[in-house]
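Trainee: sequence first, predicted model second:
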Amino acid sequence: MIKREISNKLKELAHQYPVVLVTGPRQSGKTTLCKFVFPKKDYVLFETPAVKEYAISDPQGFLAKYPNGAIFDEIQKAPDLIAYIQGIVDEKNRNGMYILTGSQNLLLSSKINQSLAGRVAVVKLLPFSFRELGNQSLSANAMMLKGFYPRIYDKNLNPFEAMSFYFQTYVERDIRDLIHLKDALKFQNFVKLCAGRIGQLLNLSSLGNEAGVSHQTAHEWISLLEVSYIIFRLPPYHKNFNKRIIKMSKLYFYDVGLASYLLGIENISQVERDPLKGSLFENMIVADILKGRFNKVRESNLSFFRDSNGNEVDIIAQTPMGSVAIEIKSGQTIVPDFFRGLDYFERIAAHDLIKKYIVYGGEDKQLRSKAHVLSYKNCHEITEI
């Protein structure tokens, strides 16, 4: 078993809060993590129909079975239980009683906000990072095809097949739990169109028109994909050096392997030929840097810079010490053009910029005067974020 980077932090939080919520995408490893960190706790899965019915129909009787708390897996299946958990933790005043997991972002749920505010620590677990995979990391093209979901590595699954089953389960179970989906095929096509826009500015009107849905529906479906940890939006850098800075967000997938599947990529040679190879590579690195933040139990501090003249930097990470600028290039050979965006950003933000990085598709690490150059496998070495 690959130890998750967040394990020690999860144990620490359980000593500080009565409830810890581990949220993240379906199959990101939440159950395995919780059982590993808390091996002596009772474990309950709410996707089991009899368990779910018991918890919903008799919440007090159900919770009485677990006087010392438990791991409650997929708690969103029985959300009303959360109010009863509040009463117990307030009465017993004991940390680490309940470890909850959910594959939907429960921070957006009124149940959590109303009942457990101040009593719950929230941990976001994404699929494996490069740091966690270590020697299991493959070529950049192979990683873009395979993605980072633990089950694919644990069971040595065919990634295209695994993602096909994953997406089918996601639409048929998770989405139908959240909304009444009238046209599943249209929704699936919408998600595939999103995959074709990774690393691009998100224009909901254009996306909705191409998908054949209204702007309002496109907005609702994008929010749905965010809540269920399929996509995330990277906001634009907010410091207004001039009025020509782009104000729209960029679209990324939490797992590049799922994006590759949605684009119809079945093998490594297709990755190499695909016109979106550079965007897939960029998505992979942005997601990995975001994992580094989440594994420290920190919210995202990432944005991107772009102006109307085409000057851009893929990631601007805002830290207490200043900004870290990161440019992402899928090429395996360093060329002068790689540094153009970083040089421009340094000129307009010199007082705020503390470090510049290039993350590229090659293997070498280089310390240059213009920037630190890192291989894609070593982007976790950007320690300032």
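Mentor: Looks like it came in fine. Given the structure is predicted, the values throughout are model-derived calculations rather than measurements. Residues are numbered from 1 along each chain as shown.

Trainee: need the residue closest to the centroid of the chain.
Mentor: Geometric centre of the chain, nearest residue: residue 254, 4.1 Å, by Cα atoms, centre = their mean.

Trainee: just checking, that residue touches residue 27?
Mentor: No. Using Cβ atoms under 8 Å, residue 254 is not in contact with residue 27; the gap is 11.5 Å. Where C-beta positions appear, they are placed from N, C-alpha and C, glycine not excepted.

Trainee: between those two, which contacts overlap?
Mentor: Common contacts of residue 254 and residue 27 (Cβ atoms under 8 Å, 6 or more residues apart in numbering): residue 127.

Trainee: who are the neighbours in contact with the residue lying farthest from the centre of the chain?
Mentor: Distance to the chain centre peaks in the chain at residue 61, reaching 35.9 Å (criterion: Cα atoms, centre = their mean). If you count contacts by Cβ under 8 Å, 6+ apart, residue 61 has them with residue 54.

Trainee: low-confidence stretches in the stretch 251-385 of the chain?
Mentor: For the stretch 251-385 of the chain, no stretch has pLDDT under 70.

Trainee: can you pull out the helices in it?
Mentor: 256-262, 268-273, 277-294, 340-349 (DSSP state H, counting those that start in this stretch).

Trainee: with respect to burial, which of those helices scores highest?
Mentor: Most buried of those, by mean neighbour count (mean count of other Cβ atoms under 10 Å): helix 256-262, with a mean of 27.

Trainee: can you show me the CA trace of that one as PDB?
Mentor: Presented in PDB, the C-alpha positions along helix 256-262 are these (Å, rounded to 0.1, in the frame of the first residue of the first chain):
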ATOM      1  CA  VAL A 256      -5.900  14.000 -16.100                       C
ATOM      2  CA  GLY A 257      -6.600  10.300 -16.800                       C
ATOM      3  CA  LEU A 258     -10.300  10.900 -16.800                       C
ATOM      4  CA  ALA A 259      -9.800  13.900 -19.100                       C
ATOM      5  CA  SER A 260      -7.800  11.600 -21.500                       C
ATOM      6  CA  TYR A 261     -10.600   9.000 -21.400                       C
ATOM      7  CA  LEU A 262     -13.200  11.600 -22.200                       C
END
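
Trainee: give me the helices and strands touching that helix, please.
Mentor: helix 140-146, helix 159-169, helix 184-195, helix 277-294 (3 or more Cβ pairs under 8 Å, 6 or more residues apart in numbering; DSSP states H and E).

Trainee: show the subsequent helix or strand relative to the first one.
Mentor: I take that to be helix 140-146. Sequence-wise, the next helix or strand downstream of helix 140-146 (DSSP states H and E) is helix 150-154.

Trainee: packing partners of that following helix?
Mentor: Contacts defined by 3+ Cβ pairs under 8 Å, 6+ apart place helix 150-154 against helix 159-169.

Trainee: before we move on, which element is residue 50 in?
Mentor: Using DSSP H and E, the element containing residue 50 is helix 49-57.

Trainee: give me the buried stretch members for the following helix or strand past that helix, please.
Mentor: As assigned by DSSP H and E, the chain's next helix or strand after helix 49-57 is helix 59-64. Applying a neighbour-count criterion of 16 or more other Cβ atoms under 10 Å, one finds 59, 62-63 buried in helix 59-64.

Trainee: list just the nearest of those to residue 226.
Mentor: residue 59 (29.4 Å; Cβ to Cβ).
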